[in-house]
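Chemist: following is a predicted model, sequence given first.
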Amino acid sequence: MKNIHYGKFFLIFALLLVMINNTHATSLINAEDGYMKASIPGSDITAAYMTLNNTGDKAITLQKITSTISDRIEIHEHSMADGMMRMREVAEVVVEAKAQVVLQPSGLHLMIFDLKKQLVEQDLIPLTLTFSNGSKLNIQLPVYRYK
Ligand SMILES: [Cu+2]
């Protein structure tokens, strides 16, 4: 009888710890000022930008981005090579402890391929960001008109 009692108590305690840990992990990183560019009619590619803030005391790495609007979202970086602006895929984005990384035009950005629908101004697009510490961040990005 005694053992069963302690077992139950331990289980509840363990569950509580897991819950606290999850809340903690997700609150360490947040995204602000995010937006996505409306897609040009006839094109199925666009880009998304945002600022990632890491409020924790350990580096956190953005590893994966998923969304209902595309099955192929990559992290890209712009760089100058031989006087020309080029884009290349990078595997991940490291956000150092107590620091932020800005994804912006002509810099780091999310490249969204194979759009399932045209994105027009005032759409709100859901994205899920998955980080190295196992946390997921669900955000909604407004769509702005392309220039
Ligand atoms: Cu790109």
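Modeler: Now that the structure is in, tell me what you want to look at. Since we're looking at a predicted model, the values are computed, not measured.
Chemist: is the closest residue in space to residue 108 that isn't next to it in sequence in a bridge, and if so with what?
Modeler: Excluding the flanking residues, the one nearest residue 108 by C-beta to C-beta, 6 or more residues apart in numbering is residue 77, at 5.4 Å. From N, CA and C alone the C-beta is placed, and that goes for glycine too. Counting by DSSP bridges, residue 77 is bridged to residue 88.
Chemist: wait, residue 77 touches residue 104, no?
Modeler: No. Residue 77 is beyond contact range of residue 104, at 11.3 Å (criterion: C-beta atoms under 8 Å).
Chemist: helix or strand right after the worst-scoring helix or strand of the chain on mean pLDDT?
Modeler: Within the chain, no helix or strand scores below helix 2-27, which has a mean of 56 by mean pLDDT, DSSP states H and E. For helix 2-27, the succeeding helix or strand toward the C-terminus, using DSSP states H and E, is strand 29-37.
Chemist: hmm, who's touching that next one?
Modeler: Under the contact criterion C-beta atoms under 8 Å, 6 or more residues apart in numbering, strand 29-37 has outside partners 46-56, 60, 95, 112, 119, 123, 125, 127, 129, 131, 135, 137, 139, 141-146.
Chemist: filter these down to the buried ones, ChimeraX style.
Modeler: Buried members of the contacts of strand 29-37, defined by 16 or more other C-beta atoms under 10 Å, are picked up in ChimeraX with:
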select :46,47,48,49,50,52,53,54,56,60,95,112,119,123,125,127,129,131,135,137,139,141,143
